[in-house]
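Asks: Sequence plus the predicted model coming up.
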Amino acid sequence: MRWYVRAMAKYPRVREQHIAVFGESGSGKTVLVSSFFGPTQEGSYSNDLWDLVADDTGQGNRLYQNYLGMRDRARTPLPTRFAGTTYYFSVKLKGGDNAAAKKRPFDTLRLAWHDYPGEWFEESPSSEEEANRRVDTFRSLLRSDVALLLVDGQKLLDYAGEEERYLKSLLTNFRQGVLRLKDDLLGDEDRLVEFPRIWIVALSKADLFPDWDVYSFRDLVIEKATSSLDDLRSTLKDFVDTPDALSVGEDFMLLSSAKFELSAAGPEIDVTQRVGLDLILPVASMLPLERRVQWNERMEIPRKVLDTLADGAETLAEVLTGETFLDINKLVAKLPKFGPLASMAGLPALAAAAKMAGPKLREINAQAREHHDFLTATLTQFKLNLDQGVKDKLLIRSLK
């Protein structure tokens, strides 16, 4: 995740976060991003805190067209082959003219959604040009703190009774695909400082398993493919500086773009029956902050790694807790690059923000709404949504 304030002008003030989505061809990546964006463009959609827009109008129109095809014609979008695409969405906070808005550190939260072609994990490059394009595309998503590794629900059904064949193939292909990029990605570096640190295993097309919760999915993956997941984790650790600050296969998630059914009249798609998509923004923005605190409670993290791990955490903590970090940059500059003082996660306010939950979190959210503090209300709502996702058994968050 990359958080920044645009330097060229005072407005708009922007914070940016990145999420990388990996999955084989046909696993539903295009449908997912279309169903993430599409419902927010309907005339009936209402959100009292923010509006979601696509930064590229043409890209947004194509995604909404995909969504309308599903909603009105029960037609899924055509698959995209060998196309590495990054979608930019802006969460534009409301209340830009009120007093609270003038004090908030940013007005727009931008999400960069990196879609990495599934074919690139299944097939060898056909030319040097394609090989270079794969490396360049992967480099573009290294700014992500969170990566989703999709398990195709349809493939699980196809391999019912021998799911280990599919899961092992998926994880092995992904591992080998990453290994093919290793030398080019590392270059002269021994390890990468900036790299996705949280790898969530997510079930796409979860509507095909109506009786499952996220624990059912987690248990299947662990039972059938533990060794392959361990191999992938070991491979990814070889890429990163401070490999202990890496979660691979410790977080799990259910995702469904809609409910797809076949009837006598033909295919039917109920786009109102989405699962997990409302957790995308909370996962991308809040999970890295929580994980940074967890890791710093049990290990020392070098400053060079900390600077890329959930960067902007101090600003988030300030918004969530009301604490002031006016002198934080001066303090950070004086800290050593190694040792326990290298991590700002030791600050009580930062830990308090990451662990905030329950009645206190709901109280701050209610107060922010009452005072039209749309930024605090949005971020606390993200945390509430994340907690609700766990309660609803759509998400498992690692406790390590």
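Replies: That came through, no problem.
Asks: The closest residue to Thr137 other than its chain neighbours: what's it in contact with?
Replies: Of all residues not flanking Thr137 in the chain, Gly84 sits nearest, at 3.7 Å (C-beta to C-beta, 6 or more residues apart in numbering). In this view, the C-beta of every residue, glycine as well, is placed from N, C-alpha and C. Each residue near Gly84 by C-beta atoms under 8 Å, 6 or more residues apart in numbering is listed here: His114, Asp115, Tyr116, Pro117, Trp120, Arg133, Arg134, Thr137, Ser140.
Asks: Can you tell me which of those residues lies closest to Lys237?
Replies: Tyr116 (19.8 Å; C-beta to C-beta).
Asks: Identify the residues contacting that closest one.
Replies: Ala20, Val21, Phe22, Gly84, Thr137, Phe138, Leu141.
Asks: Kindly state the pLDDT recorded for the first one?
Replies: Put plainly, it is Ala20. pLDDT for Ala20: 97.
Asks: The host helix or strand of it: what's the following helix or strand?
Replies: Taking DSSP states H and E as the definition, one finds Ala20 inside strand 14-22. For strand 14-22, the succeeding helix or strand toward the C-terminus, using DSSP H and E, is helix 29-37.
Asks: who does that following helix touch, helix- and strand-wise?
Replies: Helix 29-37 is packed against strand 14-22, helix 57-73, strand 85-93, strand 108-116, with contacts defined by 3 or more C-beta pairs under 8 Å, 6 or more residues apart in numbering; DSSP states H and E.
Asks: beta partners of Thr108?
Replies: Val14, Lys92 (DSSP bridges).
Asks: likewise the one 4 residues further on?
Replies: Taking DSSP bridges, one finds His18, Tyr88 as the beta-bridge partners of Ala112.
Asks: quick one: contacts for it?
Replies: Contacts of Ala112 (C-beta under 8 Å, 6+ apart): Arg2, Glu16, Gln17, His18, Ile19, Thr86, Tyr87, Tyr88, Arg143, Ser144.
Asks: 6 Å instead?
Replies: His18, Thr86, Tyr88 (C-beta atoms under 6 Å, 6 or more residues apart in numbering).
Asks: before we move on, what about Phe37?
Replies: Leu63.
Asks: same deal with the one 10 residues further on?
Replies: For Asn47, no residue meets the contact criterion (C-beta under 6 Å, 6+ apart).
Asks: What is the burial count for the residue nearest to Leu111 when sequence neighbours are not counted?
Replies: Excluding its sequence neighbours, the residue lying closest to Leu111 (C-beta to C-beta, 6+ apart) is Phe89, at 4.7 Å. Using other C-beta atoms under 10 Å, Phe89 is surrounded by 24 other residues.
Asks: Quick check, Phe89 in contact with Thr108.
Replies: No. With contact defined as C-beta atoms under 6 Å, Phe89 does not count as touching Thr108 (10.2 Å).
Asks: following the helix or strand where Lys224 lies, which helix or strand comes up?
Replies: Using DSSP H and E, Lys224 sits in helix 214-237. Per DSSP H and E, the first helix or strand lying C-terminal to helix 214-237 is strand 247-254.
Asks: rewinding a little: next, the contact list for the residue nearest to Leu111, please.
Replies: Contact analysis of Phe89 by C-beta under 6 Å, 6+ apart lists Leu52, Ala54, Leu111.
Asks: what about it, distance to Val151?
Replies: 24 Å (C-beta to C-beta, to the nearest Å).
Asks: would you turn the contacts of Tyr116 into TSV with distance to Lys168?
Replies: Below are the contacts of Tyr116 laid out as TSV (distance: C-beta to C-beta, whole Å):
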residue	distance to Lys168
Ala20	22
Val21	21
Phe22	16
Gly84	25
Thr137	25
Phe138	23
Leu141	25
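Asks: now, which of these sits nearest Ala353?
Replies: Closest to Ala353, out of all of the contacts of Tyr116 and judged by C-beta to C-beta, is Ala20, at 24.6 Å.
Asks: Quick check: that closest one vs Phe138, distance?
Replies: Taken as C-beta to C-beta, the span from Ala20 to Phe138 is 9 Å.
Asks: Kindly report the same for Ser90.
Replies: For Ser90, the distance to Phe138 - C-beta to C-beta - is 24 Å.
Asks: and if you look at Thr86?
Replies: The value you get for Thr86 to Phe138, if C-beta to C-beta is used, is 12 Å.
Asks: what do you get for Gln176?
Replies: 14 Å.
Asks: Between the two, which is the more surrounded one?
Replies: For Gln176 versus Phe138, the count of surrounding residues by other C-beta under 10 Å is larger for Phe138: 20 against 14.
Asks: Check which helix or strand that one maps to.
Replies: Per DSSP H and E: helix 128-140 holds Phe138.
Asks: what residue ranges in this structure score low on pLDDT?
Replies: By pLDDT under 70, the low-scoring segments of the chain are 1-12, 81-82, 311, 322-349.
Asks: Which residue of it lies farthest from its centroid?
Replies: Distance to the chain centre peaks in the chain at Ala264, reaching 37.9 Å (criterion: C-alpha atoms, centre = their mean).
Asks: quick one, phi psi at that residue?
Replies: phi -60, psi -30 (degrees, to the nearest 10).
Asks: For Gln388, see how far away it is.
Replies: Ala264 is 37 Å from Gln388, by C-beta to C-beta.
Asks: With Phe374 instead?
Replies: 20 Å.
Asks: of the two, who's got more company?
Replies: Phe374 (23 against 14).
Asks: helix or strand for Ala202, which one?
Replies: strand 198-204.
Asks: Flag every buried residue along the helix or strand where Glu363 lies.
Replies: Assigned by DSSP H and E, Glu363 belongs to helix 358-370. Residues Leu361, Ile364, Asn365, Ala368, Arg369 are the ones in helix 358-370 that count as buried (16 or more other C-beta atoms under 10 Å).
Asks: Likewise for stretch 389-400?
Replies: Gly389, Leu394, Leu395, Ile396, Arg397, Ser398.
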